[in-house]
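Peer 1: how would this look folded up:
(one chain, ligands or ions: 1)
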Amino acid sequence: MWNLLRAIVRPEDKSSPLPDTWQQILKVNVPYRNSLSVEMRERLDAGIRRFVEHKYWEGCNGLSVTDEHRLTIAGHAMRLTLGFDDDHFDDVKSILLYPTTYRAVTKDHIGSGVIIEGQSDRLGEAWYRGPVILAWSDIQDEIAQSPSKRNVILHEFAHQLDFRNGRDADGVPPIESETDAERWLDVMRQGFERLCDDCRHRRRPVLDCYGTTNRAEFFAVATEAFFETPEDLKRDWPELHAELRRFFRQDP
Ligand SMILES: [Zn+2]
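Peer 2: The predicted model follows:
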């Protein structure tokens, strides 16, 4: 019913262009959007509008959330879903944004269903059917250095895709068929083992060595590389690149 109401209230969602001020922000902070086809850009913009308007945004440690914050996060997060037909982030109701890397006050209630990046100084968090928590200074640094292997927005929202089939993130998001799932497990296991080996021998792989933490982190860093440095990934990790291309139903 709620979806039906939204469809009635916002008939302009799919067709009307985003305001000029929004487009200016996206041009700088979400640069991949500039090279999309008209059709894909319209699809992305509809997703960005939905994401910006329907999430609950909260600034922490004195930060006031602005259009730049909302659009940048929405623009990168929605990139993951460009190949999908439905809203894959409907379970993420809120985005909490800190000005800088933040210090955790408590570790209570942390168990399955929560992924925290970093130890006491945190870079980001993803909660099962809960918020995504980000630090704006890291996002800014990564945009300035792009393309690089790091994109904390893609990373945390990859965890949210992983959470779509249960609170224990294991690096296996929902996969359509048993054959596809078996191939996914094979490719990811081999990739994880290879990354552990490369990092142990300091071979400087295309993937961030943070991916050796566990299978969930491997999927998240592989997602970052797939979108941020796709040519490097395709050259050095062709099977992993092909698997992610099939899963995301797009080829960046
Ligand atoms: Zn992570």
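Peer 1: phi first, then psi, for residue 164.
Peer 2: The phi and psi values for residue 164, taken as degrees, to the nearest 10, are phi -70, psi -20.
Peer 1: ugh, wrong one, I meant residue 133
Peer 2: Residue 133 adopts backbone torsions of phi -120, psi 130, taken as degrees, to the nearest 10.
Peer 1: which bits of the stretch 151-252 of the chain sit near the ion?
Peer 2: By the criterion of CB under 5 Å from the ion, the positions of the stretch 151-252 of the chain lying close to the ion are 217, 220. Bear in mind the C-beta positions are built from the backbone N, C-alpha and C, glycine included.
Peer 1: what about the helices in the stretch 151-252 of the chain?
Peer 2: Defined through DSSP state H, counting those that start in this stretch, the helices belonging to the stretch 151-252 of the chain, from first to last, are 152-162, 178-200, 215-228, 230-236, 238-248.
Peer 1: I'd like those helices laid out as JSON lines, including mean pLDDT, distance to residue 28 and mean neighbour count.
Peer 2: Supplementary listing: the helices of the stretch 151-252 of the chain in JSON lines, determined by pLDDT from 0 to 100; distance: least, CB to CB, whole Å; neighbours: other CB atoms under 10 Å:
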{"stretch": "helix 152-162", "mean pLDDT": "96", "distance to residue 28": "15", "mean neighbour count": "24"}
{"stretch": "helix 178-200", "mean pLDDT": "97", "distance to residue 28": "32", "mean neighbour count": "15"}
{"stretch": "helix 215-228", "mean pLDDT": "96", "distance to residue 28": "17", "mean neighbour count": "24"}
{"stretch": "helix 230-236", "mean pLDDT": "96", "distance to residue 28": "21", "mean neighbour count": "16"}
{"stretch": "helix 238-248", "mean pLDDT": "98", "distance to residue 28": "24", "mean neighbour count": "19"}
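Peer 1: got a markdown table for those, with distance to residue 172 too?
Peer 2: Output for the helices of the stretch 151-252 of the chain, formatted as a markdown table (distance: least, CB to CB, whole Å):
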| stretch | distance to residue 172 |
| --- | --- |
| helix 152-162 | 7 |
| helix 178-200 | 7 |
| helix 215-228 | 8 |
| helix 230-236 | 19 |
| helix 238-248 | 10 |
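Peer 1: I'd like to know which of the ones you listed is closest to residue 51.
Peer 2: For residue 51, the closest of the helices of the stretch 151-252 of the chain is helix 152-162, at 10.3 Å, according to CB to CB.
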